[in-house]
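> generate coordinates for the sequence data below:
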Amino acid sequence: MTSARDALERLREGNQRFVSGLRSIDAFMSQTKRAELIEGQSPFAVILGCSDSRVPVETVFDQGVGDLFVIRVAGNIVAASQIGSVEFAAERFGTRLVLVLGHTLCGAIQATLEVLQRPDQSQSRNLLSIVDRIRPAVAGLLETDLARDPEALARECVRTNVRVAANSLRHGSGILEQLIQDDGLLVVGAEYSLETGQVDFFDGVPPA
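Alright, predicted model coming up:
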């Protein structure tokens with residue numbers, strides 16, 4: 001079993017390779033492991049990320065087949081199905097790092113801000129279900145000075161949404177709470193920059 005700290009370091013190193021335009025031979029050759037993985041898997045990290053096509057998780061962290069247990073949903077929101085998926089990986093595979101990964105210029109965040117600032121009754125009920133998950137994380141920021149600066153507001157909303165999602169995983173499941181308390185599970189929040197390719201791990205990161 002890979003410890004949470006070691007898993008976090010693997011993600012950091014993989015992202016640095018990605019930013020530098022490099023790729024590890026292990027990731028490149030991972031497709032040759034397909035036969036080995038038929039019998040089971042042991043991903044070293046769970047990633048709850050956004051569905052945005054510009055944030056391909058395995059590529060961003062330079063990982064290969066079988067390395068990551070990836071859950072992708074618009075706005076990296078946390079609902080019962082996402083919590084259940086994280087529980088499954090943590091219990092079944094012994095994965096001890098959970099990363100909530102948001103990203104700059106997130107369309108789901110922008111859609112939420114548009115709904116809050118200019119309510120439109122014609123919005124799809126299904127889209128609004130995503131907006132309603134993000135709303136608690138960003139609504140309060142509209143009452144601050146950030147509301148005068150749309151770009152700064154959007155940036156802070158992305159990070160606040162990540163923090164809220166990570167906290168929901170830490171405290172929204174008895175199973176995950178127990179694993180955090182007794183078995184070294186770590187839930188960390190991060191933001192991927194579309195502009196630079198860099199991942200900033202900023203929430204729940206243990207001291208060096």
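
> for this protein, longest helix please?
Criterion DSSP state H: the longest helix present in the chain is helix 150-171.

> pull out the buried positions in that helix.
Neighbour counts over helix 150-171 (16 or more other CB atoms under 10 Å) mark 153-170 as buried. The C-beta positions use only the backbone N, C-alpha and C, and glycine is treated the same way.

> stretch 138-150 now?
Neighbour-count burial for stretch 138-150 flags 138, 141, 146 (criterion: 16+ other CB under 10 Å).

> the last one against Glu156, yeah?
Yes - taking CB atoms under 8 Å as the definition, Leu146 is a contact partner of Glu156 at 5.8 Å.

> how about the helices in the protein?
4-19, 25-29, 34-37, 57-60, 80-92, 107-117, 125-138, 150-171, 174-182.

> mind checking how far the last one is from the chain centre?
What that stands for is helix 174-182. 19 Å (CA atoms, centre = their mean, to the nearest Å).

> go on, the fourth one?
Mean C-alpha position of helix 57-60 versus that of the full chain (CA atoms, centre = their mean) differs by 12 Å.

> the longest one too?
Average the C-alpha atoms of helix 150-171, do the same for its chain, and the two points are 11 Å apart (CA atoms, centre = their mean).

> what sits up against it?
Residues from elsewhere that reach helix 150-171, judged by CB atoms under 8 Å, 6 or more residues apart in numbering: 48, 75-78, 83, 86, 98, 100-106, 109-110, 112-113, 134, 136-138, 141-142, 146-147, 176-177, 180, 187-191, 202-204.

> in the worst-scoring helix or strand of the chain on mean pLDDT, what's buried?
The weakest-scoring helix or strand in the chain, judged by mean pLDDT, DSSP states H and E, is helix 25-29 (a mean of 74). Residues Ala27 are the ones in helix 25-29 that count as buried (16+ other CB under 10 Å).

> now do stretch 24-43
For stretch 24-43, a neighbour-count test (16+ other CB under 10 Å) marks 27, 30, 43 as buried.

> quick one: terminal-to-terminal distance for that stretch?
Length of stretch 24-43, first residue to last, CA to CA, to the nearest Å: 17 Å.

> contact partners of that stretch?
1, 14, 17, 58, 62-69, 89, 93-95.

> how about stretch 86-95?
With CB under 8 Å, 6+ apart as the criterion, stretch 86-95 contacts 1-2, 7, 41-46, 48, 69, 71, 96, 98, 169, 173, 175-176, 179, 185.

> apply 6 Å and report the result again.
Identification of contacts with stretch 86-95 by CB atoms under 6 Å, 6 or more residues apart in numbering yields 1, 42-43, 46, 69, 98, 173, 175, 179, 185.

> out of those, who's the most crowded?
Val98 (28 neighbours; other CB atoms under 10 Å).
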